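A.B. asks: coords please:
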Amino acid sequence: MATLAPESRQQQRQTPAVLPDGRKVVDEVSGWLRVFDDGSIDRTWTGPPEALPLMQPVEPYAVPRDGHTLHDLPGEPDLRVYLPETKHDSAGAAGRLPVIVQLHGGGFCISHPSWALYHHFYARLACAVPAVVVTAQLPLAPEHRLPAQIYTGVDVLRRLRSIVTSDAGSLQDPAAKLLREASDLSRVFLVGDSSGGNLVHHVAARVGEDGPDVWAPLRVAGGVPIHPGFVRAERSNSELGATPDSVFFTLDMLDKFLAMALPEGATKDHPFTCPMGPHAPPLESVPLPPMLVAVAEKDLIRDTNLEYCDALRAAGKEVEVLINRDMTHSFYLNKFAVDMDPTTGERAQELIDAIKSFIARH
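C.D. replies: Alright, predicted model coming up:
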């Protein structure tokens, strides 16, 4: 995401070592997360205040805005659904739409799919494709370490299938009925941001291992990892090089979030974060759908993202690569930059166009 001004970073509040209630901070990811000696976690944003609007929750709305409606479906897991307004044919029937299942980022440790930064991009994507967009809150580390997030991603697909294949009369929630009527389960696409990009790989692999008969009529037709958090224990050249400073993604965040999220004692060479490494199953044996991988040219983890793409190709997998020129990690989620900087806006549109084209071809 776009860099905040240096003076903004200097305004970041300093966290006291000991709180008035006696709790001590034992670990911290600057601005994002504090871990206390009693095991409690505080995710109150303490970074530059001008970034706070991007983390404000967006409430659902059944009255269309900008060509779509937004619905929450409580359950296990809770779902959030974007439904674009659809055109009807001459008989008055609306065609079913492909489904994008969005797996949010945040280093497995922070963020919520209701945040404005996700909302603006995925509402726009839903209308542009058009597609139903389904997202869900993933469990957060360190309270819930991997593979909890993978299991929840699979559960999202399981609940989606349950709703869409239910008898219309059995659904009490009006939003569930709308989801049932709009969704084409044969064309489900996993899209993930950052650590959510890791989940695209692992959730798709879990579904592939089960086989199509287990999941029918649901079919994962493709995956779109966007700036996935694939790394190695050894620093890559892009991690070591001069990259734009940002409160939204730093080496400290990368290291600490993954230390909190990976199984106890694991390094970044674990298959969850290095599926192209020697400790992971050979990619030739991993059942994956076609992939479109977005790589930001100025991302700290650019090199390992490209290494993942090269490994997929070498394993005979179908993979396309989109390079976001001159962009940093998750740039498209920063609505301020997308709206105000012409280059960032252009690259965000390129990303949407690429996803739209990928879905149309699969």
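A.B. asks: Residue 53: neighbour count?
C.D. replies: Using other C-beta atoms under 10 Å, residue 53 has 12 other residues around it. No exception for glycine: its C-beta is placed from N, CA and C like everyone else's.
A.B. asks: Residue 285 now?
C.D. replies: Residue 285 has 9 nearby residues by other C-beta under 10 Å.
A.B. asks: for residue 159, same thing?
C.D. replies: Using other C-beta under 10 Å, residue 159 has 19 neighbouring residues.
A.B. asks: Helix or strand: which one has it?
C.D. replies: Using DSSP states H and E, residue 159 sits in helix 148-164.
A.B. asks: Check residue 344 too.
C.D. replies: Assigned by DSSP H and E, residue 344 belongs to helix 342-360.
A.B. asks: re earlier: now do the buried residues in the helix holding residue 159.
C.D. replies: 148-154, 156-157, 159-161, 163-164 (16 or more other C-beta atoms under 10 Å).
A.B. asks: what do you get for stretch 289-305?
C.D. replies: Buried-residue list, stretch 289-305, by 16+ other C-beta under 10 Å: 289-296, 298-305.
A.B. asks: How far away from the center of its chain is it?
C.D. replies: Distance of stretch 289-305 from its chain centroid, counting by C-alpha atoms, centre = their mean, to the nearest Å, is 13 Å.
A.B. asks: what's the straight distance from one end of it to the other?
C.D. replies: For stretch 289-305, the first-to-last residue distance is 18 Å (C-alpha to C-alpha, to the nearest Å).
A.B. asks: And stretch 139-151, by the same measure?
C.D. replies: Its start and end residues considered, stretch 139-151 measures 10 Å (C-alpha to C-alpha).
A.B. asks: And for stretch 36-53?
C.D. replies: Stretch 36-53 end-to-end distance (C-alpha to C-alpha) = 26 Å.
A.B. asks: Equivalent analysis for stretch 294-304, please.
C.D. replies: 12 Å.
A.B. asks: which parts of the longest strand along the chain are buried?
C.D. replies: For the chain, the strand with the greatest residue count under DSSP state E is strand 183-193. Within strand 183-193, the residues that count as buried by 16+ other C-beta under 10 Å are 183-185, 187-193.
A.B. asks: again with stretch 337-355
C.D. replies: For stretch 337-355, a neighbour-count test (16+ other C-beta under 10 Å) marks 337-338, 344, 347-348, 350-352, 354-355 as buried.
A.B. asks: Please apply the same query to stretch 21-33.
C.D. replies: For stretch 21-33, the neighbour count (16+ other C-beta under 10 Å) marks 28-33 as buried.
A.B. asks: if we can go back for a sec, tell me the one of the buried residues of strand 183-193 nearest residue 57?
C.D. replies: Distances from residue 57 to the buried residues of strand 183-193, taken as C-beta to C-beta, are shortest for residue 193 (17.0 Å).
A.B. asks: any idea how far residue 123 is from the residue lying closest to that closest one once chain neighbours are set aside?
C.D. replies: In space, and not counting its chain neighbours, residue 193 is closest to residue 105: 3.8 Å by C-beta to C-beta, 6 or more residues apart in numbering. Look at residue 105 and residue 123: by C-beta to C-beta, to the nearest Å, they are 17 Å apart.
A.B. asks: Give the residue from those two that has the larger number of neighbours.
C.D. replies: When neighbours are counted by other C-beta under 10 Å, residue 105 and residue 123 differ, and residue 105 comes out ahead with 27 against 20.
A.B. asks: Now do the contacts for that one.
C.D. replies: 111, 192-197, 229, 330 (C-beta atoms under 8 Å, 6 or more residues apart in numbering).
A.B. asks: Okay, the closest residue to residue 212 other than its chain neighbours and residue 292: tell me how far apart.
C.D. replies: For residue 212, ignoring the flanking residues on the chain, the nearest one in space by C-beta to C-beta, 6+ apart is residue 219 at 6.6 Å. Noted for residue 219: a distance of 17 Å to residue 292, by C-beta to C-beta.
A.B. asks: got the residue ranges for the helices in the protein?
C.D. replies: For the chain, applying DSSP state H gives helices covering 6-10, 116-128, 148-164, 174-182, 195-210, 212-215, 237-240, 251-261, 302-314, 335-340, 342-360.
A.B. asks: between the longest one and helix 116-128, how big is the angle?
C.D. replies: Right, helix 342-360. Computed by axes from the mean of the first three to the mean of the last three C-alpha atoms, to 10 degrees, the angle separating helix 342-360 from helix 116-128 equals 50 degrees.
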